[in-house]
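Engineer: Sequence first, then the predicted structure:
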Amino acid sequence: MTDIRQGDGIRLSAPELIALKPRCNALSLPMHRPAASALAGAYRSRFRGRGVDFVESRGYLPGDDIRNMDWRVTARTGKPHTKIFQEERERPVLVVVDASSSLYFGTRKRLKSVAVGHLAAAIAWSAVRRGDRIGAFLFAPGEHRELRPAGGRRGAMRVIQGLVEWLNPESVPAGSEPLSAALERVRHAVRPGSLVLIISDFFSLDEQCHRHLSRLRQHNDVIGCQVMDPAEQSLPAGRFPISDGEHSSMLDTHQQQSRQRYVSMSTTHADMPRHMFQRHKCGWLVLKTTDDPVDVLGRELRLLIGRAT
């Protein structure tokens, strides 16, 4: 009998995603800059205004709040100066989840769609544990759903319910849509200063993604998360029936040349999105369907935080 908290590897369920919560308490999502005080939120925002942390003094401009005048600098320079503060606030965290048809594939332990759901849920629990607000942008060919960031358990549960409904193997989306279409919507919907995690297998990656990633990265922290199945990297020798849902064929890998060609294609597919994200100074992590999503997230986040400090 299958434990509902473990799942069957094919369909996502709320109990298995809720069961991840205790293991996510020790996870730390990367932050732009550490906050000096935990009273007003866990992170500094990139927005300047009245707040708790002094940043700098600059020349007074019409419309500046006179209460922020820096009288010492004004007296020293003979010109009016005002103080600039950096406000502390909760940071929005947005998980962008790809539900393209290629995600409903798996040869070991779980489908890629289930691995995506586990990774997104772990991010949600980690975010609310640290006082952030968690939201989601769920997309599939021809449709999308936006869950605005919210804090606490309520925010995490909204994301979990959305994942269970969206990543349903019984209603696999038809057709295809380039990833850039989703990134363009995300770019216009996300609030500046957010942490954006894009979870996909990146089979729908296209050249237009460069432009949207660049714009998205200007005002946000971005991490790409590629989900893969071991069979997408290499195949044993043999004859295998394959299908794209519409057409069927037979894949013969008895010849070493065929297997090498397959490995070459797989390597290219793995390298292209990684190079694109790294080019735009985004974080990057890879999750296989055989991996434990919480363990991978913890290990990769520690590496990302270490490189940022």
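Structural biologist: Structure's in. What do you need?

Engineer: Contacts for whatever helix or strand residue 153 lives in next, please.
Structural biologist: Taking DSSP states H and E as the definition, residue 153 sits inside helix 152-166. Residues from elsewhere that reach helix 152-166 (C-beta atoms under 8 Å, 6 or more residues apart in numbering): 12-14, 17-18, 21, 95, 97, 99, 117, 120-121, 124-125, 127-128, 133-136, 138, 140, 145, 147, 149-150. For the C-beta atoms, the positions are set from N, CA and C on the backbone; glycine is no exception.

Engineer: chain center to it: distance?
Structural biologist: Distance, stretch centre to chain centre, for helix 152-166: 15 Å (C-alpha atoms, centre = their mean, to the nearest Å).

Engineer: Show the subsequent helix or strand relative to it.
Structural biologist: helix 179-189.

Engineer: so what does that next one touch, helix or strand wise?
Structural biologist: Helix 179-189 makes packing contacts with strand 92-98, strand 133-140, strand 143-151, strand 195-200, helix 209-219 when contacts are defined by 3 or more C-beta pairs under 8 Å, 6 or more residues apart in numbering; DSSP states H and E.

Engineer: Buried residues, it. List them.
Structural biologist: Neighbour counts using 16 or more other C-beta atoms under 10 Å place 179-187 of helix 179-189 among the buried residues.

Engineer: Quick one: work out the angle between that helix and strand 92-98.
Structural biologist: Comparing the axes of helix 179-189 and strand 92-98 via axes from the mean of the first three to the mean of the last three C-alpha atoms, to 10 degrees yields an angle of 160 degrees.

Engineer: I would like the residues contacting helix 179-189, please.
Structural biologist: Applying C-beta under 8 Å, 6+ apart, the set of residues contacting helix 179-189 is 94, 96, 98, 137, 139, 144, 146, 196, 198, 200, 202, 204-209, 211-213, 215-216.

Engineer: Just the buried residues out of the residues you listed, in ChimeraX syntax.
Structural biologist: Typed into ChimeraX, the line below selects the buried ones among the contacts of helix 179-189, using 16+ other C-beta under 10 Å:
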select :94,96,98,137,139,144,196,198,200,202,204,205,209,212,213,216
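
Engineer: Report how many residues lie close to residue 104.
Structural biologist: Neighbourhood size, residue 104 [other C-beta atoms under 10 Å]: 19.

Engineer: Please report phi then psi for it.
Structural biologist: Here is the backbone geometry of residue 104 (degrees, to the nearest 10): phi -90, psi 60.

Engineer: Wait, it touches residue 112, no?
Structural biologist: Yes - contact criterion C-beta atoms under 8 Å: residue 104 and residue 112 qualify, at 7.3 Å.
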